[in-house]
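Undergrad: below are the sequence and a predicted model; questions follow.
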Amino acid sequence: MVAVVVIAGCGGYVPLYRIDREAIAEQHGGRGSGESAVPGRDENHVTMAVEAAELAVERAAVDELDAVVSASITDPFAEHGIAAHVAYRLGATGEVRTADFRASGRAGTDALAFARDFVRARDGTVLVVAADVLPVEPGHDDEPYAGAGAGAAVLVPDAEEPAATITAVGEATTGFVERHRLHDGVATGGDGRFEREAGFGPAVSAAIERSGVDDPDRAVVAAHDARMASGAVEDASHESTFGSVGYAGAASYYLDLAHCLEEADAGESVVAVAYGPGGADAVALETGTTADVGLTVAEQLDSKEYVTYAKHLEYRERTEYTGVTVA
């Protein structure tokens with residue numbers, strides 16, 4: 001069995017369009033700061049996932065994939081998935097394992113843990129990709145923070161100059177479910193303080209302790225509440241795209257992780273945490289070198305166009321799926 005698994009390459013994708021949160025506040029009252037990413041009219045989960053996946057594969061410099069694993073909490077299909085589509089677009093068909101993880105903000109780390117075990121057991125190469133477009137309801141409390149984006153990472157048994165080495169994974173499954181969402185609906189939350197004290201806090205602290213991380217240099221904490229996430233790891237530099245992208249579900253974890261690895265120096269310690277209904281995971285990493293290929297997350301955050309409130313709603317409307325046709 002392979003002892004060490006590394007991230008050979010990673011990448012993120014941020015849509016060009018943004019909505020200023022003040023523009024949302026002007027419609028419904030209140031105040032807003034920051035901005036959130038809005039998918040283009042022709043963008044969806046698969047197109048964004050492919051953008052991030054292609055960058056991660058190019059940076060990893062791998063020729064073949066043995067598995068493609070996806071994560072999403074807003075993929076609109078009950079029976080469809082993302083992984084097989086991404087695999088096809090990358091030419092990874094035939095004897096290639098695919099898997100789709102859903103239903104929790106933890107889906108991204110569920111997928112990562114599966115990929116790590118796959119690499120260790122089969123000495124293979126696995127692409128993990130996450131993509132989400134958070135639905136909005138005009139006037140809902142979550143509307144200003146509903147983001148969109150994608151991120152990806154390629155895991156391999158070894159690499160001469162990896163982007164990062166995974167040193168441990170800590171899990172904390174609690175069964176605590178305060179936030180929930182039905183298909184095609186917006187999220188329903190509970191008391192934020194109760195969730196922080198009874199759900200987020202115990203789960204995240206336990207996961208970090210089980211990962212064995214002690215005083216990391218950098219931290220990634222992906223959660224639906226930025227204030228809750230910001231205090232989870234003390235004395236570490238937090239890497240977050242929440243202020244510029246919003247909450248992008250499972251994709252937030254990989255966007256923030258890619259951003260972290262692009263900004264970090266080699267040899268730094270990182271703890272990357274994902275929290276969602278059911279618990280939390282903490283991945284301990286040691287940074288390496290991210291290949292200077294393609295646009296960084298920071299460059300994508302700087303390259304943007306603002307849309308009106310009306311366009312923000314219009315661009316998030318889902319198009320009707322017509323299936324595959326043969327000419």
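TA: Happy to help now that I have it. Numbering: from 1, shown residues only.
Undergrad: so which residues of the stretch 201-327 of the chain form helices?
TA: 201-211, 226-230, 242-245, 250-263, 297-302, 309-315 (DSSP state H, counting those that start in this stretch).
Undergrad: dump these to JSON lines, plus mean pLDDT.
TA: Formatted as JSON lines, the helices of the stretch 201-327 of the chain follow (pLDDT from 0 to 100):
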{"stretch": "helix 201-211", "mean pLDDT": "97"}
{"stretch": "helix 226-230", "mean pLDDT": "93"}
{"stretch": "helix 242-245", "mean pLDDT": "97"}
{"stretch": "helix 250-263", "mean pLDDT": "98"}
{"stretch": "helix 297-302", "mean pLDDT": "98"}
{"stretch": "helix 309-315", "mean pLDDT": "95"}
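Undergrad: Cys10: which of those is closest?
TA: Relative to Cys10, the nearest member of the helices of the stretch 201-327 of the chain by Cβ to Cβ is helix 250-263, separated by 4.5 Å. C-beta: built from backbone N, CA, C; applies to glycine.
Undergrad: from the chain's centroid, how far away is the closest one?
TA: Helix 250-263 has its C-alpha centroid displaced from the chain centroid by 7 Å (Cα atoms, centre = their mean, to the nearest Å).
Undergrad: circling back to that earlier point, single out the most deeply packed of the helices of the stretch 201-327 of the chain.
TA: helix 250-263 (a mean of 30; mean count of other Cβ atoms under 10 Å).
Undergrad: now do the contacts for the closest residue to Pro39 other than its chain neighbours.
TA: Spatial nearest neighbour of Pro39, excluding adjacent residues (Cβ to Cβ, 6 or more residues apart in numbering): Ala148 at 4.6 Å. Taking Cβ atoms under 8 Å, 6 or more residues apart in numbering, we find Ala148 in contact with 15, 36-39, 43, 48, 132-134, 245-246, 248, 251.
Undergrad: phi first, then psi, for Ala148.
TA: Geometry field for Ala148 lists phi and psi as phi -150, psi 150, criterion degrees, to the nearest 10.
Undergrad: what bridges to it?
TA: Partner residues in beta bridges with Ala148, using DSSP bridges, are Val133.
Undergrad: ok, now Tyr13?
TA: Ala150.
Undergrad: per-residue confidence at it?
TA: You'll see Tyr13 listed with a pLDDT of 98.
Undergrad: distance check, it against Pro144.
TA: 22 Å (Cβ to Cβ, to the nearest Å).
Undergrad: what's the answer for Gly94, then?
TA: In this view, Gly94 and Pro144 are 44 Å apart by Cβ to Cβ.
Undergrad: and those two? Which one has more around it.
TA: Neighbours per residue (other Cβ atoms under 10 Å) separate Gly94 from Pro144, with Pro144 holding more: 24 against 6.
Undergrad: list the contacts for the residue nearest to the more buried one when sequence neighbours are not counted?
TA: In space, not counting the residues next to it along the chain, Pro144 is nearest to Arg21; the distance is 4.3 Å by Cβ to Cβ, 6+ apart. Under the criterion of Cβ under 8 Å, 6+ apart, the contact partners of Arg21 comprise Gly32, Ser33, Gly34, Glu35, Ser36, Pro144, Tyr145.
Undergrad: can you lay out the residues you listed as TSV showing secondary structure?
TA: Written out in TSV, the entries for these read as follows (DSSP: H, G, I helix; E, B strand; the rest coil):
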residue	secondary structure
Gly32	coil
Ser33	coil
Gly34	coil
Glu35	strand
Ser36	strand
Pro144	helix
Tyr145	helix
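Undergrad: report the contact partners of the closest residue in space to Ala25 that isn't next to it in sequence.
TA: By the measure of Cβ to Cβ, 6+ apart, the closest residue to Ala25 outside its immediate chain neighbours is Gly32, 3.9 Å from it. Taking Cβ under 8 Å, 6+ apart as the definition of contact, the neighbours of Gly32 are Asp20, Arg21, Glu22, Ala23, Ile24, Ala25, Pro144.
Undergrad: out of the residues you listed, which end up buried?
TA: Judged by neighbour count, with 16 or more other Cβ atoms under 10 Å as the criterion, the buried members of these are Asp20, Arg21, Ala23, Ile24, Pro144.
Undergrad: show me those residues that map onto strands.
TA: Asp20 (DSSP state E).
Undergrad: assumed Ala37 was part of a strand.
TA: Yes: residue state for Ala37 (three-state DSSP) corresponds to a strand.
Undergrad: so what's the residue count around the closest residue to Ser252 other than its chain neighbours?
TA: On the basis of Cβ to Cβ, 6+ apart, the spatially nearest residue to Ser252 that is not a chain neighbour turns out to be Ala222, at 4.3 Å. Neighbourhood size, Ala222 [other Cβ under 10 Å]: 32.
Undergrad: what separates Ala222 from Ala92, distance-wise?
TA: Distance from Ala222 to Ala92, counting by Cβ to Cβ: 26 Å.
Undergrad: for the residue nearest to Ser252, which residues are in contact?
TA: Going by Cβ under 8 Å, 6+ apart, Ala222 touches Gly105, Gly108, Ala229, Ser252, Tyr253, Asp256, Ala272, Val273, Ala274, Tyr275.
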